[in-house]
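K.L.:
Sequence and predicted structure are below.
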Amino acid sequence: MPRTPQNGPPRERIDSIIVRNHHAPFENGQIGVNDSIRQLLHRWQRPACGDAPSRLFRLAFSAWIVFAVAVSVKMVVSPVKHNSCAAFETGSLLWWAGLNMYELSYNEFRYGPAIAVAFSPLLVLPTAVGRLLWIWLNLAALGWVLRALVRRILPASWTADREGAFLLLVLALTYRGLWSAQCNTLLFALIVAGMLAIQRRNWGRAALWLAVPVHIKVWPVAAVLLLIACWPRQLAARFIIALLAIAAIPFLTQPPTVVCERYYDWYLALTGPMQVRHEYRDAWTIWELIQAPVDKLAYTLLQLSTALLVLALCLWHKRRGVTMPQLFTFILGAWAAWQLLFGPGTERNTFGLMAPLTAWAVVTCFSNSRGRVVTGTAFALTMMASIGQIERAVMPVFPWVQMAHPLGVAIFAGWLFAHARQWPAAAQEIEIDVTVSRRATGTPSRVMANVGS
């Protein structure tokens, strides 16, 4: 009969460790592909908040699984219609052919040359397999970011039921963009990954995560600038280095003159043909419906003034000492609202950027019985307008329906600004130099501490 050391753990503890290790093949090196998938599904079947799965959470999880299967089948049986993956494929093929991939065509490529290179491995695979991997990457990124938001960022009293409602609401607002293989949720996930790296004080990794989405679409730089304004010394130089390092990747695949020409073509496309408005829904739309034509200079001044307002509010919240999750929530919400109202290229699919934040607002208000009408209206307007068939059916009779999207975002922004003012200055992060005994560590060390205000 095996004996337990006198000062060691009790037998029950040893048995529990054995059982736990038996169910953790990652740790003993005997894991296979099926085991990893099974473990991942088992892990995601449990709420990120730590509660036991409720009926509503299981319903939400099942709905996401059904949608993932449906969109995967769609990518195979209908690979062309409503599929932006073809744009990435075309751009990557043209890159390797040494041609200008920014010439306007049906499959319009508007991403950086580094992204054309990064997409190349999927071209080696069969088309259906490559597109499946692309949509699975976007689905996995969104699934990860939703769990990360619940666990690490969004301030709320989370329960399994509330997390289930959160997941269902996000699905209602993102299904359209995911159905057409848009990458906006991937951009959002990369920004959140950068924020989590900032939480861990891993500044180099944060700069890398924040640099990638700028090469996919330029407009995430607005969120990056807000974060740099809050942590200038830690992020500014590192972000520039990461941005240039990624920009240098194409030079490994084409002659320098070709790469420089492609970057110049990208600039010309962004400042030229891609500035033409087509079915955009933003503050310009509201202005145009009230009084056309829109004064371009006045609208540009409006964009800049609102951007400065968002920057000032972010810095004010950081200065008054809100917690880091609260600050990140405000930065995400303010950036997404500004981007959708005043940023470039705000289409229906772009409004998926607001999905996690609008869903969080609804869950928060319905859990504390305050602001239900405001957040419910913002969510309803955003969801209704994301369905193009509704807008096209109503527009001949009521053209003001085009305002639904930006109006819903504006209502959410107003609620967020008012809600954030109620956050107490609960903690201020300060750096404390602590010299630890050399006998213990051998070197002085710096630690971070949260001190109540």
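P.N.:
Done, it's in. Numbers count the residues shown, from 1 in each chain.

K.L.:
Next, find the distance separating residue 231 from residue 327.
P.N.:
Noted for residue 231: a distance of 11 Å to residue 327, by CB to CB, to the nearest Å. Every C-beta, even on glycine, is put in place using the N, C-alpha and C of the backbone.

K.L.:
pLDDT below threshold where in this protein?
P.N.:
1-44, 79-82, 104-107, 273-279, 345-349, 385-391, 395, 426-453 (pLDDT under 70).

K.L.:
Nearest the geometric middle of it, what residue?
P.N.:
The centre of the chain sits closest to residue 188, judged by CA atoms, centre = their mean, with a distance of 1.5 Å.

K.L.:
Excluding chain neighbours, what is closest to that one?
P.N.:
residue 353 (5.8 Å; CB to CB, 6 or more residues apart in numbering).

K.L.:
Contacts only, for that neighbour.
P.N.:
Applying CB atoms under 8 Å, 6 or more residues apart in numbering to residue 353 gives the contacts 184-185, 187-188, 336, 339-340.

K.L.:
which residues touch the closest residue to residue 138 other than its chain neighbours?
P.N.:
In space, and not counting its chain neighbours, residue 138 is closest to residue 186: 5.3 Å by CB to CB, 6+ apart. Residues near residue 186 by CB under 8 Å, 6+ apart: 137-138, 141-142, 213, 216.

K.L.:
coming back round to it: so which of the contacts of residue 353 comes closest to residue 251?
P.N.:
Checking these against residue 251 by CB to CB gives residue 187 as the nearest, at 24.2 Å.

K.L.:
what distance separates the strand or helix carrying the closest one from the centre of its chain?
P.N.:
Per DSSP states H and E: residue 187 is located in helix 184-199. Centroid separation for helix 184-199 versus its chain: 6 Å, with CA atoms, centre = their mean, to the nearest Å.

K.L.:
residues of that helix that come out buried?
P.N.:
Using 16 or more other CB atoms under 10 Å as the test for burial, helix 184-199 gives 184-198.

K.L.:
do the same with stretch 202-220
P.N.:
Using 16+ other CB under 10 Å as the test for burial, stretch 202-220 gives 203, 205-220.

K.L.:
try stretch 262-276
P.N.:
262, 265-266, 269-270, 274.

K.L.:
residues in contact with it?
P.N.:
95, 100-102, 104, 110, 112-113, 218, 247, 250, 254, 344-345.

K.L.:
just the strands in the stretch 351-453 of the chain please.
P.N.:
427-434, 445-452 (DSSP state E, counting those that start in this stretch).

K.L.:
helix or strand for residue 254, which one?
P.N.:
Going by DSSP H and E, residue 254 is not in any helix or strand.

K.L.:
Was I right to think residue 85 contacts residue 134?
P.N.:
Yes: here residue 85 reaches residue 134: they are 5.1 Å apart, a contact under CB atoms under 8 Å.

K.L.:
Neighbour count for those two, which is higher?
P.N.:
More neighbours surround residue 85 than the other of residue 85 and residue 134, with 25 against 21 (other CB atoms under 10 Å).

K.L.:
Which residue is the nearest non-sequential neighbour of that one?
P.N.:
Spatially, and ignoring its direct neighbours in sequence, residue 85 is nearest to residue 181 (4.4 Å; CB to CB, 6+ apart).

K.L.:
right, and the one you found touches residue 133 too?
P.N.:
No: using CB under 8 Å, residue 181 is not in contact with residue 133; the gap is 11.2 Å.

K.L.:
between these two, who's got more neighbours?
P.N.:
Counted by other CB under 10 Å, residue 181 and residue 133 do not tie: residue 181 has more neighbours, with 22 against 15.

K.L.:
Just list the residues touching the more buried one, thanks.
P.N.:
Counting by CB under 8 Å, 6+ apart, residue 181 makes contact with 75, 83-85, 131, 134-135, 138.

K.L.:
make it 6 Å
P.N.:
Contact analysis of residue 181 by CB atoms under 6 Å, 6 or more residues apart in numbering lists 83-85, 135.

K.L.:
With residue 189 instead?
P.N.:
Shown in contact with residue 189 (CB under 6 Å, 6+ apart): 141, 145.

K.L.:
The one 3 residues further on now?
P.N.:
With contacts defined as CB under 6 Å, 6+ apart, the neighbours of residue 192 are 145, 148.

K.L.:
now what about stretch 327-345, what contacts it?
P.N.:
Stretch 327-345 is contacted from outside by 153-154, 195, 219, 222-223, 226, 282-283, 303, 306, 310, 314, 317-318, 346, 353-354, 357, 406, 409, 413, 416, 420, using CB under 6 Å, 6+ apart.

K.L.:
Buried residues, it. List them.
P.N.:
Residues of stretch 327-345 classed as buried: 327-345 (neighbour count, 16+ other CB under 10 Å).

K.L.:
quick check, nearest of the contacts of residue 186 to residue 63?
P.N.:
residue 142 (13.6 Å).

K.L.:
What segments of the stretch 151-300 of the chain are strands?
P.N.:
So, for the stretch 151-300 of the chain - with DSSP E, counting those that start in this stretch - there are no strands.

K.L.:
what about the helices in it?
P.N.:
With DSSP state H, counting those that start in this stretch, the ranges of helices along the stretch 151-300 of the chain come out as 160-179, 184-199, 203-216, 221-230, 232-247, 256-271, 283-290, 296-319.

K.L.:
repeat for the stretch 1-150 of the chain
P.N.:
Going by DSSP H, counting those that start in this stretch, the stretch 1-150 of the chain shows helices at 11-22, 25-28, 33-44, 55-77, 85-96, 113-118, 120-124, 127-148.

K.L.:
Go through these and pick out the most buried.
P.N.:
helix 113-118 (a mean of 23; mean count of other CB atoms under 10 Å).

K.L.:
Now do that one: which elements does it pack against?
P.N.:
Packing partners of helix 113-118 (3 or more CB pairs under 6 Å, 6 or more residues apart in numbering; DSSP states H and E): helix 85-96, helix 203-216.

K.L.:
so what does the last one touch, helix or strand wise?
P.N.:
The reference is to helix 203-216. Short answer (3+ CB pairs under 6 Å, 6+ apart): helix 203-216 packs on helix 113-118, helix 184-199, helix 232-247.

K.L.:
Now with 8 Å, please.
P.N.:
Using 3 or more CB pairs under 8 Å, 6 or more residues apart in numbering; DSSP states H and E, the elements in contact with helix 203-216 are helix 113-118, helix 184-199, helix 221-230, helix 232-247.

K.L.:
gap between that helix and the chain center?
P.N.:
Helix 203-216 has its C-alpha centroid displaced from the chain centroid by 12 Å (CA atoms, centre = their mean).

K.L.:
and the angle for that helix with helix 256-271?
P.N.:
Orientation note: helix 203-216 sits at an angle of 70 degrees relative to helix 256-271 (axes from the mean of the first three to the mean of the last three CA atoms, to 10 degrees).
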